[in-house]
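K.L.:
Quick one, what's the 3D model for this:
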Amino acid sequence: MNEQNRIIHGRAAEVMRTLPEGGFALAYADPPHASQRLYRGPSGWERGAEVVFADRWSWDETAEAAFERLKETAGEADALARALSGMRLILGEGPMLAYALFLAEHAIEIRRLLDERGTFFLHLGRRAAHVGRVLLDAIFGPKRFLNAV
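P.N.:
Take a look at the predicted model:
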């Protein structure tokens, strides 16, 4: 089977864990934007339709476990452990910190997948851009940041 030009369907974090380290030159992510909304129907905006996507985040046992796991596994990215601790102090144990953990888990995998000259484009809205920037600086290093659009 040709390993180029394939589309893989699945949950991003799970799929990324199955891919080889350093095998990608480009990653683009357009995650949920921490809107705290429920999106309904095919368009996402249909009143009364079935919920197709929940962009809601909350601090719970799952978030707490993810927080501890990320701090423990930060390893060489000790800046991530410090960034997460700082975010916990600033943001509190609420929706934005839970969302930050989601972003961090995905960004760590993307870093693992990119080759040494790889580029990562992260599409975030105004509600979460500041959180994304802090996390990416902690994971990739602030000198790797090129631009914000």
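
K.L.:
For Leu122, see how far away Arg111 is.
P.N.:
12 Å (CB to CB, to the nearest Å). The way it works is simple: take the backbone N, C-alpha and C, and place the C-beta from them, glycine included.

K.L.:
what about the strands in this structure?
P.N.:
Listed in chain order, the strands of the chain (DSSP state E) span 24-29, 37-40, 51-55, 114-122.

K.L.:
And the contacts of stretch 8-24?
P.N.:
Applying CB atoms under 8 Å, 6 or more residues apart in numbering, the set of residues contacting stretch 8-24 from outside is 29, 105-106, 109-110, 112-116, 118.

K.L.:
can we see that at 10 Å?
P.N.:
Here stretch 8-24 makes contact (CB atoms under 10 Å, 6 or more residues apart in numbering) with 3, 27, 29, 31, 102, 105-106, 108-116, 118-120.

K.L.:
again with stretch 72-82
P.N.:
Residues from elsewhere that reach stretch 72-82, judged by CB under 10 Å, 6+ apart: 70-71, 83-84, 104-105, 107-108, 111, 134-135, 137-142.

K.L.:
Just the ones of the residues you listed in helices?
P.N.:
70-71, 83-84, 104-105, 107-108, 111, 134-135, 137-140 (DSSP state H).

K.L.:
Residue ranges in the protein under the pLDDT threshold?
P.N.:
Where the chain drops to pLDDT under 70, the residues are 1-3, 75-77.

K.L.:
Right, I'll call it a day here.
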